[in-house]
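Novice: Coordinates only, no sequence provided:
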């Protein structure tokens, strides 16, 4: 297979090897016999031609840079697609004619010179008759099978490039200075950023600029100056200030590039002089040093010029920002004036506030009268007492709950201690006994102690009285 066909097989799903015989056949007869198959083949070839152009592999004039947005249709394209197994694509002429009719392909000059958008579709009697003949297949009979030759803009590639640029740069965050370019500066800045891994040709850039200005309204373009529009801001034309900014930016970019080249030259001459000194070539060393001095002098002047231009650019950018600031302040002043007019001034506000106060006082008076008529007198002291009692009851419940939890915790700890001591073989008295049982045991011991004391006191009284009785008994005898 050819290089182009290999590329399509690898990168376009519609060009599967099983479909190649059908795609390379003369499927024009399927237009009426098998409309679905006919449209499937047409769509596959349209996508394939778009891929070929975007890849940069399509044939181009000798020595010219490949176009990514333009397809050259001629004998070279047929030869590039020719395959030993399948031959040439026999229906490629029909594919190109269908694409031209649907404006998927457009002649290059028609695209560049069109004043109205490519999406504008005017209807006329001739267009209606052409559409009818096309649907009936009469138009295909009158056409030849030859491939239309010429340069055709691939609209799908242009739309994709325009969307990529708009997504990257059509924002409200950049200033007027940053959004303005000369055509040459714009090409140098963006020609390798639109399609990843590819560089646009000058023809591609002309097509893209016309498309974004005329058909999408993303930029303003007058043929030499480009200004990226700010979303939501009405801008209609390139001004003299825009042209001056574009020229200044182009000059500044050129001088910056020159300073980079001169800096590299100075470094190279320095290395040359050192090498000449090493080789003891005095003449070459002096020549290199002399050239180095001249380059350094030129570099110093270029840097001075660049600094001046950067200062001018900063002033222009500041002035542009001031314009936007004044416009915002002016619109804000108008908005405040309109709002104040709607308010009616300070006198009207005072009148409204006075009426509001009167109505609020009347409402308070009505509420007080209604409260008196209800005859309900609330004793605030009783309410406070009841609230304090409820709070005290709640605190008591909380304290009892905490006390109960503490007792349970202590009992649990005591039980665990008792078990450990039992395991060790010694359990002291009272260990592991709940607190309530301890209290009962303590009370019982206190009662037994008290009874023993009472008994001891009784015995002591008897012992003290017994000698007297013994003395009295003999006397009575």
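Specialist: Sure thing, it's come through. This structure is a prediction, so every number in the text was calculated from the model and none was measured. Numbering: from 1, shown residues only.
Novice: contacts and neighbour counts: CA atoms only from here.
Specialist: Will do.
Novice: Check whether residue 208 really touches residue 160, as I assumed.
Specialist: No. Counting by Cα atoms under 8 Å, residue 208 sits too far from residue 160 to count as a contact (10.2 Å).
Novice: Neighbour count for these two, which is higher?
Specialist: Using other Cα atoms under 10 Å as the criterion, residue 208 and residue 160 rank with residue 208 on top: 22 against 14.
Novice: for the more buried one, what are its contacts?
Specialist: 158, 161-162 (Cα atoms under 8 Å, 6 or more residues apart in numbering).
Novice: Any buried residues in the helix or strand harbouring it, and which?
Specialist: Per DSSP states H and E, residue 208 falls inside helix 202-210. Of the residues in helix 202-210, 204-205, 207-210 count as buried by neighbour count, 16 or more other Cα atoms under 10 Å.
Novice: Residues touching the following helix or strand past it, excluding its own?
Specialist: Proceeding N to C from helix 202-210, the next assigned helix or strand is strand 219-221, under DSSP H and E. Identification of contacts with strand 219-221 by Cα under 8 Å, 6+ apart yields 209-210, 212-213, 226-229, 236-238.
Novice: Can you check those residues and name whichever has the most neighbours?
Specialist: If you rank those by neighbour count (other Cα under 10 Å), residue 227 sits at the top with 27 neighbours.
Novice: Isn't that one up against residue 183?
Specialist: No. Judged on Cα under 8 Å, residue 227 makes no contact with residue 183 at a distance of 10.0 Å.
Novice: mind listing the strands in this protein by residue range?
Specialist: 70-73, 105-107, 150-154, 180-182, 219-221, 225-228 (DSSP state E).
Novice: JSON lines for the ones you listed, including mean pLDDT?
Specialist: Below are the strands of the chain laid out as JSON lines (pLDDT from 0 to 100):
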{"stretch": "strand 70-73", "mean pLDDT": "93"}
{"stretch": "strand 105-107", "mean pLDDT": "94"}
{"stretch": "strand 150-154", "mean pLDDT": "94"}
{"stretch": "strand 180-182", "mean pLDDT": "92"}
{"stretch": "strand 219-221", "mean pLDDT": "93"}
{"stretch": "strand 225-228", "mean pLDDT": "92"}
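Novice: As CSV, these with distance to residue 356 would be great.
Specialist: Output for the strands of the chain, formatted as CSV (distance: least, Cα to Cα, whole Å):
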stretch, distance to residue 356
strand 70-73, 74
strand 105-107, 72
strand 150-154, 71
strand 180-182, 57
strand 219-221, 55
strand 225-228, 54
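Novice: Point out the one among those that comes closest to residue 22.
Specialist: strand 70-73 (21.3 Å; Cα to Cα).
Novice: what's the closest one packed up against?
Specialist: Judged by 3 or more Cα pairs under 8 Å, 6 or more residues apart in numbering; DSSP states H and E, strand 70-73 is in contact with helix 35-55, strand 150-154.
Novice: quick one: buried residues of stretch 49-63?
Specialist: 49-60.
Novice: which residues sit against that stretch?
Specialist: The contact list for stretch 49-63, computed with Cα under 8 Å, 6+ apart, reads 4, 8, 12, 66-72, 76-77, 80, 154, 156-157.
Novice: try stretch 398-405
Specialist: Counting by Cα under 8 Å, 6+ apart, no residue sits against stretch 398-405.
Novice: Return the member of the contacts of strand 219-221 nearest to residue 148.
Specialist: Checking the contacts of strand 219-221 against residue 148 by Cα to Cα gives residue 210 as the nearest, at 24.4 Å.
Novice: which residues does the spatially closest residue to the closest one that is not a sequence neighbour contact?
Specialist: Sequence neighbours aside, residue 112 is the residue nearest to residue 210 in space, at 6.7 Å (criterion: Cα to Cα, 6 or more residues apart in numbering). If a contact means Cα under 8 Å, 6+ apart, then residue 112 has 206-207, 210 as its contacts.
Novice: any idea how far residue 65 is from residue 112?
Specialist: Note on residue 112: its distance to residue 65, by Cα to Cα, to the nearest Å, is 19 Å.
Novice: before we move on, what about residue 308?
Specialist: 37 Å.
Novice: now residue 149
Specialist: 19 Å.
Novice: what do you get for residue 11?
Specialist: In terms of Cα to Cα, residue 11 sits 23 Å off from residue 65.
Novice: repeat for residue 279
Specialist: Per Cα to Cα, residue 279 is found 45 Å from residue 65.
Novice: of these two, who's got more company?
Specialist: Ranked by neighbour count (other Cα under 10 Å), residue 279 and residue 65 place residue 65 first, with 14 against 11.
Novice: list the contacts for the closest residue to that one other than its chain neighbours?
Specialist: Closest residue to residue 65 apart from its sequence neighbours, by Cα to Cα, 6+ apart: residue 201 at 6.3 Å. When contacts are counted by Cα under 8 Å, 6+ apart, residue 201 touches 65-68, 191.
Novice: Please indicate which of those residues has the highest neighbour count?
Specialist: residue 68 (28 neighbours).
Novice: what sits against it?
Specialist: Shown in contact with residue 68 (Cα under 8 Å, 6+ apart): 53-56, 157, 200-201, 204.
Novice: low pLDDT regions in the stretch 101-250 of the chain?
Specialist: 122-145, 172-173 (pLDDT under 70).
Novice: Could you rerun that using 90?
Specialist: 101-102, 119-147, 166-179, 189, 191-198, 217, 223, 229-237, 239-242 (pLDDT under 90).
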